[in-house]
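Peer 1: quick one, fold the following:
(2 chains)
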Amino acid sequence: MKSTEQHNGSPASDGGPDASNPFDAAFDAFKKMRDSGLESWAKVMTQWVNTDAYAKSSGAVIDWYLTATAPFRQLVQKTAEQTLIQLNMPTRGDVINVAERLTHIEMALDDLAANLEPRRPPRGAKES
Amino acid sequence: MAQSKPSERGGLGDKVKNMMDRTKTLLRVTTTKAPIAQTPKELIWALNKAKLYRYTPVVPPEKRHPMPLLLVFALMNRSSILDLRPGNSFVEYMVRQGYDLYLLDWGVPGPEDKNLKLEDYVLEYMRRAIRKMKAVSGSDSFSLLGWCIGAILTTVYAALRPASGLKNLILLTAPLDFSNRDAITLARMTDERYFDVDKVISAYGNMPGELMDYGAKALKPVENFLGSYLRLLDNLDKPKVVEGWHAMNTWVNDGIPIAGAFYRELITDLYRQNRLINGTLSVRGEKVDLSQIRANLLVVIAEDDHITPPCQSETVVTKVGSEDKTLIRVPGGHIGIMAGSGAVKGTWPQINAWLGPRSD
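Peer 2: Numbers count the residues shown, from 1 in each chain, chains lettered A, B, ... in the order given. Sure thing, here's the model as predicted:
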């Protein structure tokens, strides 16, 4: 699993604001204030996402979405499947079955190849 | 990319040009993919979507470690994080240290892979990939490095096949123990009271990468959805920071689905029932007994890991049967300890220092 916690690169050592420039100084002060605010906000949010209330609400959103979209999803799936059958074309299920069988064939071939394959001599051994 | 510093330029024209350069840089890094996973490698084996690569050695044979090392990453992200970009690549570093390095890339599961389970990944894919690696390297002994979910897979393999020739097992940010549920935010989010895993899997077949990505980012919402972009804006004049951000952003936004059946096992057997540590996990009828692990063990914990908190990786050390076991704590987060700017002087040399003497 991932997040962007190292998304930011290393802190800058050059190219910083010019303290003698009033615009830069004001901008620098704004950034410090912004960062401080973000830090506090981040702490609050990180604590909040680790609560039962957040887990319950995020679970409810996913559940609502899946329930709401289920009829549409099923309709599309059923229509597509019936259309493909009428056109005498393979359905998604047929393709999945073929793909699974191909993987099983691949495994059998892999076992055969492993039995037939000459083993590479250990590094440093003299080739005959 | 922007090259100039605002403070070095005085005129209005220069300021406008500088602003345009920054805008171009911003557009480029947020709308394009950075070239990642550049270390030369050769495809030596494939099964379904899985591929086994061997990295091209750069060290003379007499200076190489004879024992091959297989990298196993998580199922829901691209393994390219191990080889992010030249100069910031664990793979590149290890190849230069003389390791005969292999990568098991799981690929992207399709609808036809929704029934893949833990047993398939460990006893079919990993077993075969390791057999191939042994044949190619000519070595019966080998080392395994598993990261995140990859650490679950390698741990289960090590427990089920202790006589396979596995000599060294390295677990990075390994989510193995789910007993301290209050400390594991993802465990709370996937609690059976709130999250219906069967409903998600029956709707999608596989667990969509976007949902996994959202779940991981939601653990630190301000940092991930806002802070990261603000820091990019602040550093647009610094090519090194910008290119690092670009590479990481490319990886972060390239999530992949996870096979439905495996995801269900992950949530029910591990997150909810903690079966691996409890000793009640079975894979294809075989009990997964951690005390069967005899390989030398290195557990690497990220001190600031919010995805796999340290408590999830600590217990395994007390459960395995290995005599030689080491646990190290590294400053940084779940991904940062291996791909952050400090990894080259922090985590990587520590792994090399541990593994090197055990690989000869």
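Peer 1: residue 91 - how many residues pack around it?
Peer 2: Here I'm looking at chain A. Residue A:91 has 15 neighbours, counted by other Cβ atoms under 10 Å in any protein chain shown. The C-beta positions use only the backbone N, C-alpha and C, and glycine is treated the same way.
Peer 1: please refer instead to chain B.
Peer 2: Neighbour count of residue B:91, defined by other Cβ under 10 Å: 23.
Peer 1: need the longest helix for the chain.
Peer 2: Because you didn't say which chain, this covers chain A. If you go by DSSP state H, chain A has its longest helix at helix A:52-86.
Peer 1: wrong one, chain B
Peer 2: Criterion DSSP H: the longest helix present in chain B is helix B:12-31.
Peer 1: pLDDT (mean, whole number) over that helix?
Peer 2: When pLDDT is averaged along helix B:12-31, the result is 89.
Peer 1: can you name every helix or strand that that helix contacts?
Peer 2: Secondary-structure packing of helix B:12-31 (3 or more Cβ pairs under 8 Å, 6 or more residues apart in numbering or on different chains; DSSP states H and E): helix B:228-234, helix B:239-252.
Peer 1: which strands and helices sit next to the longest helix of chain A?
Peer 2: By 3+ Cβ pairs under 8 Å, 6+ apart, helix A:52-86 packs against helix A:92-116, helix B:185-189, helix B:197-204.
Peer 1: list the buried residues in the longest helix of chain B.
Peer 2: Residues B:18, B:21, B:22, B:25, B:26, B:29 are the ones in helix B:12-31 that count as buried (16 or more other Cβ atoms under 10 Å in any protein chain shown).
Peer 1: now do stretch B:136-149
Peer 2: Buried residues in stretch B:136-149, counting neighbours by 16+ other Cβ under 10 Å, are found at B:136-139, B:141-149.
Peer 1: so who does the nearest residue to residue B:116 once chain neighbours are set aside touch?
Peer 2: Excluding the flanking residues, the one nearest residue B:116 by Cβ to Cβ, 6 or more residues apart in numbering or on different chains is residue B:259, at 4.0 Å. With contact set as Cβ atoms under 8 Å, 6 or more residues apart in numbering or on different chains, residue B:259 has these partners: B:75, B:109, B:113, B:114, B:115, B:116, B:117, B:206, B:207.
Peer 1: where in chain A is pLDDT low?
Peer 2: Scanning chain A for pLDDT under 70 picks out A:1-20, A:119-128.
Peer 1: one more pass at 50, please.
Peer 2: Along chain A, the model assigns pLDDT under 50 to residues A:1-15, A:125-128.
Peer 1: nearest residue to residue B:78 other than its sequence neighbours?
Peer 2: Using Cβ to Cβ, 6+ apart, the closest residue to residue B:78 is residue B:254 (5.4 Å).
Peer 1: element containing that neighbour?
Peer 2: Assigned by DSSP states H and E, residue B:254 belongs to neither a helix nor a strand.
Peer 1: wait, it sits on residue B:81?
Peer 2: No: here residue B:254 does not reach residue B:81: they are 9.8 Å apart, not a contact under Cβ atoms under 8 Å.
Peer 1: okay, angle between the longest helix of chain B and helix B:239-252 too, please.
Peer 2: 30 degrees (axes from the mean of the first three to the mean of the last three Cα atoms, to 10 degrees).
Peer 1: next structured bit after helix B:12-31?
Peer 2: Downstream of helix B:12-31 (by DSSP H and E), the next one is strand B:41-47.
Peer 1: can you list the strands that the following helix or strand past that following strand pairs with?
Peer 2: Downstream of strand B:41-47, the first helix or strand assigned by DSSP H and E is strand B:50-55. Applying DSSP bridges to the sheet, strand B:50-55 is found paired with strand B:41-47 (antiparallel), strand B:100-105 (antiparallel).
Peer 1: give me the buried positions along strand B:50-55.
Peer 2: For strand B:50-55, a neighbour-count test (16+ other Cβ under 10 Å) marks B:50, B:51, B:52, B:53, B:54, B:55 as buried.
Peer 1: and which of the residues you listed is nearest to chain A?
Peer 2: The shortest approach to chain A among the buried residues of strand B:50-55 belongs to residue B:50, at 10.0 Å (Cβ to the nearest Cβ).
Peer 1: now do the SS call for residue B:107.
Peer 2: coil (DSSP: H, G, I helix; E, B strand; the rest coil).
Peer 1: distance of it relative to chain A?
Peer 2: Look at residue B:107 and chain A: by Cβ to the nearest Cβ, to the nearest Å, they are 12 Å apart.
Peer 1: next up, the contacts around that residue.
Peer 2: Residues in contact with residue B:107, defined by Cβ under 8 Å, 6+ apart, are B:48, B:49, B:50, B:51.
Peer 1: one more pass at 7 Å, please.
Peer 2: B:49, B:50, B:51 (Cβ atoms under 7 Å, 6 or more residues apart in numbering or on different chains).
Peer 1: I'd like those residues as JSON lines, with pLDDT appended.
Peer 2: Shown next, in JSON lines, are those (pLDDT from 0 to 100):
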{"residue": "B:49", "pLDDT": "96"}
{"residue": "B:50", "pLDDT": "97"}
{"residue": "B:51", "pLDDT": "97"}
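Peer 1: right, and residue B:106 touches residue B:52 too?
Peer 2: No: judged on Cβ atoms under 7 Å, residue B:106 makes no contact with residue B:52 at a distance of 10.6 Å.
Peer 1: one step back: which one of residue B:254 and residue B:81 has more residues nearby?
Peer 2: residue B:81 (25 against 17).
Peer 1: mind checking the SS state of the more buried one?
Peer 2: Assignment for residue B:81 (three-state DSSP): helix.
Peer 1: ok so, going back, and the strands paired with strand B:50-55: which comes nearest residue A:94?
Peer 2: Ranking the strands paired with strand B:50-55 by proximity to residue A:94 (Cβ to Cβ) places strand B:41-47 first, at 22.2 Å.
Peer 1: give the buried residues for that closest one.
Peer 2: Residues of strand B:41-47 classed as buried: B:41, B:45, B:46, B:47 (neighbour count, 16+ other Cβ under 10 Å).
Peer 1: out of those, which is nearest to chain A?
Peer 2: Using Cβ to the nearest Cβ, the buried residues of strand B:41-47 come closest to chain A at residue B:47, 5.5 Å.
Peer 1: quick one, what contacts that closest one?
Peer 2: The contact partners of residue B:47, by Cβ under 7 Å, 6+ apart, come to A:106, A:107, A:110, B:125, B:128.
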